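# This is a predicted model, with the sequence first.
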Amino acid sequence: MIEQKLQEFKVGGLNVHVLPSKTYKTNTLLLHARSPLTKDTVTYRALLPYVLQSGTKEYPSRQEFRKALDDLYGATLNVDVSKKGEYHMMTFKMEVANEKFLADDRPLLERGLDLFSSVILSPNVSDNAFDSSVVEGEKRTLRQKITSVYDDKMRYANMRLTEEMCEDEPFGIFVNGQEEDVTKITDVSLYEYYQEALKSDQLDLYIVGDVEVSVMEQLVKKYFQGIEEGSRNNTIEAQQKQIDQPREIIEEQDVQQGKLHMGYRTNTTYEHEDYFALQLFNGIFGGFSHSKLFINVREKASLAYYAASRVESHKGLLIVMSGIESNKFEKATTIIKEQMDQMKQGNFTDEDLEQTKAVLKNQLLETMDVPRGFIELEYHNELTSNKRYVAKWITEIDKVTKDDVVRVANKVQLDTVYFLKGKEEAANE
Amino acid sequence: MNKVSFDQLQETLYYEELPNGLQVYLLPKPGFNKTYATFTTKYGSIDNHFIPLNEKEPLRVPDGIAHFLEHKLFEDEDGDVFQLFSKQGASANAFTSFTRTAYLFSSTMNIEENLKTLLDFVQKPYFTEESVEKEKGIIEQEIKMYEDNPDWRNYFGLIGSMYKNHPVKIDIAGTVDSIYKTTKELLYTCYETFYHPSNMVFFVVGNLDPESTFKLIRENQAGKEFEKPQHVERYFEKEPEEVDQKLVTIPMNVNTGKCLVGFKDRKPEKQGKDLLKHELSIQLLLEMMFGQSGENYQKLHDEGLIDDSFSFDYSGEHGFGFSVVGGDTDRPEELGKRIKTMVGEFIQKPLNKDEMEGIRKKKIGYFLRALNSPEYIANQFTRYRFNDMDLFEVIPVLESITVDDLSKAMQEHFLTETQMSECHITPKGK
């Protein structure tokens, strides 16, 4: 697997990446559409993929479209939206069975590609507007999605931390947009935005499976006509910020368990040479079940079931998360801060470093076993000018020294501590 | 070493039962970086009443003890097993379900060491009073995390409304009270009773060589001593055929409500091919009734009653079985009513053969997709094995199901008057 490399070519304004592989029983198609994250467009973008997947010119209703998928031996189509650094991503993904494992041998991939392209390029449109009942239905669903973030307390705490920490930066914008903006969108304005996105988004199509590159090139040319070259180079660098004094935000709700989320600035992104040292830093500090946070917050102090950290690669953030008793806030934050100090002082062994290298390399190889995982790893290179192909990551990890990790640790700054605590315990504190 | 080939799927499975009773299965997956191994005992949260090994009287143990035991096995005399796995470049984990406890690792390197570590730590319990006490705080937080999770509360609320006596209604982790009743001695009793090799399955899938992997496992097991295999007597109170309560409503601190509708199997005693056929039939029927390509989904969506969270599933084991339909909604009562009406109308009408063929194809495609995942193969294969079913029979059985089979399963399962329960989550104070 590791030697395998993507074959790349362009069709109009579309970048195509093909990975031929005989490992899977299905073929995967994935399209990332990317644009800088802004308050004005985010709500449109959160809605658009869901309207597009509700029907095409050929199959105008959801029911007809889903039947067409079923006929391809249960091909699946999923859409979602996400943030990568200060970009907003709309993602379309289709998986279709490889006919070689079926009694039926009709070419499923070509039909899949046809259907997939029609979601993106031939929507159900009349008089320069999407179907208004579809748009209204999806607006309702989006509104519900925005309000129900509150219901998942871990996600809620994470959203609140990001909102507070990156108040004046694009990264602080919520990925599903603003509730008040949902109402303003119409079938006409959404169609206008769709046309604009098609012209200006960076579009990357990935095809992973038992395929031949030359055949794929013909098929993509056939089904993805009309994507103009245009100016799609929208590469931006995420905003960075120096922190003088960390902030603390405490909110109360009716919850059984307090949610402690701590946001740090790493001042190191995928762009930097220190990126792999940052991955090792995170692995020793809080990324795994052998890390300092797991050992000290959970195993030694019995304060939590989970205590972990993760890195946002393109914005340069490190987020610590733990679920604790509401009256254990001081104790938990003290332990977490102590672990960070230990990292800065280089209080970890060479063995810790080697162990973390082994786990990171393993994680990387495992991620590459899954088509979507492989695509996500490779896509990092579309977001930056510092391109490093996944096959090289292993050697980059091996090169990291203890000094590198300590240097990276000393760039990390605490920005905001957010704590969602329970109401009843508040009285006992 | 026995070998079975599944030509259409291009898979070969190797199998052996060792002298101590352990069943070992290996599935080579060339092209994968990763090897994934599970070591599973047929012992889960429902096994709370049984005769302990070498004793005569039945014992009732505190709720959540199987899960507690799962946590504690990771501790060894020499320290923490997670550490050892990560030094060997593996990531280890475990889970407890209603009927199983599984220990697992995945790794792309040092496979032999990791296989030995997995076999050894599960077969070497080491509990001290101090470490058992320490674990209580951790599990307490795990329980509280789930108490704040509305989907979890909705699911267990629904099971609790369907079942009167069966321990499937008990939360897998137990309650804060019950875990504080757990002792070191009780953990050893449960361990000795349920972790005999003859009650367990070892499954390895990935980039492996069957000959040498078998050799390693055989030698590892031959070097350990076990008691003779004994049948474990497990007790379950008699469960009424009908659901216990028709509706349970749980107010929570949420913005959006939820509604789940459940159908309880009347005679959940099927095993083997009968259970496989039943399970696949119910899944096909659910897909026909509520799949995205059906009329009902479109209607519920147009009526503003459902969103992307809407889903359905069937789970069945010996002793219990139920299907679940529902999701987020701002009108839980109305959604419950609509589902009930739709099911009622569906079972009145004859089944549409063309529609059934379409859904059958879709299920076959889904199954192929699932076979990309080593995790799915190992866990699902083991669950099937414990119920005398065979994962690689799924496609042939799917292909053999007739309209009559479906119609029979439908008349037996989807009875809205006696077998149906609902659980609603409603926003507090709204």
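Received, thanks.
# so which helix or strand takes in the closest residue to chain B within the stretch 201-350 of chain A?
Closest residue of the stretch 201-350 of chain A to chain B, C-beta to the nearest C-beta: A:Ser302 (3.2 Å). Using the backbone N, CA and C atoms, a C-beta is placed for each residue, glycine as well. Using DSSP states H and E, A:Ser302 falls within no helix or strand.
# pLDDT value on the closest residue to it other than its chain neighbours, please?
Once flanking residues are discounted, A:Ser302 sits nearest to B:Gly137: 3.2 Å by C-beta to C-beta, 6 or more residues apart in numbering or on different chains. At B:Gly137, the pLDDT value in this model is 95.
# And for the one 10 residues further on?
On the pLDDT scale, B:Glu147 is placed at 96.
# and if you look at A:Glu3?
49.
# next one: A:Gly74
89.
# Just give the number of residues close to it.
25 (other C-beta atoms under 10 Å in any protein chain shown).
# Just confirm it is within a helix.
No: applying DSSP: H, G, I helix; E, B strand; the rest coil, one finds A:Gly74 to be coil, outside a helix.
# list the contacts for it?
A:97, B:361-366, B:369 (C-beta atoms under 8 Å, 6 or more residues apart in numbering or on different chains).
# and the residue nearest to A:Arg106 when sequence neighbours are not counted, how many neighbours does it have?
Excluding its sequence neighbours, the residue lying closest to A:Arg106 (C-beta to C-beta, 6+ apart) is A:Glu99, at 6.4 Å. Other residues within reach of A:Glu99, judged by other C-beta under 10 Å, total 17.
# Same question for B:Ser400.
12.
# what's the answer for the one 4 residues further on, then?
Counted with other C-beta under 10 Å, residues neighbouring B:Asp404 total 9.
# what's the following helix or strand after the helix or strand where it lies?
Element membership for B:Asp404, per DSSP H and E: helix B:403-413. Downstream of helix B:403-413, the first helix or strand assigned by DSSP H and E is strand B:420-427.
# Run me through the strand neighbours of that next one, direction for each.
If you go by DSSP bridges, strand B:420-427 pairs up with strand B:247-252 (parallel), strand B:258-264 (antiparallel).
# quick one: pLDDT of the closest residue to B:Tyr126 other than its chain neighbours?
Closest residue in space to B:Tyr126, ignoring its immediate chain neighbours: B:Glu77 at 5.1 Å, by C-beta to C-beta, 6+ apart. With respect to pLDDT, B:Glu77 scores 86.
# Could you double-check that B:Glu77 sits in contact with B:Thr128?
No: at 9.5 Å, B:Glu77 does not count as touching B:Thr128 under the criterion of C-beta atoms under 8 Å.
# Comparing those two, which shows the higher neighbour count?
B:Thr128 (12 against 7).
# for the helix or strand hosting A:Lys145, packing partners?
A:Lys145 is located in helix A:132-147, with elements delineated by DSSP H and E. Here helix A:132-147 touches helix A:39-52, helix A:179-184, helix A:187-200, helix B:295-302, going by 3 or more C-beta pairs under 8 Å, 6 or more residues apart in numbering or on different chains; DSSP states H and E.
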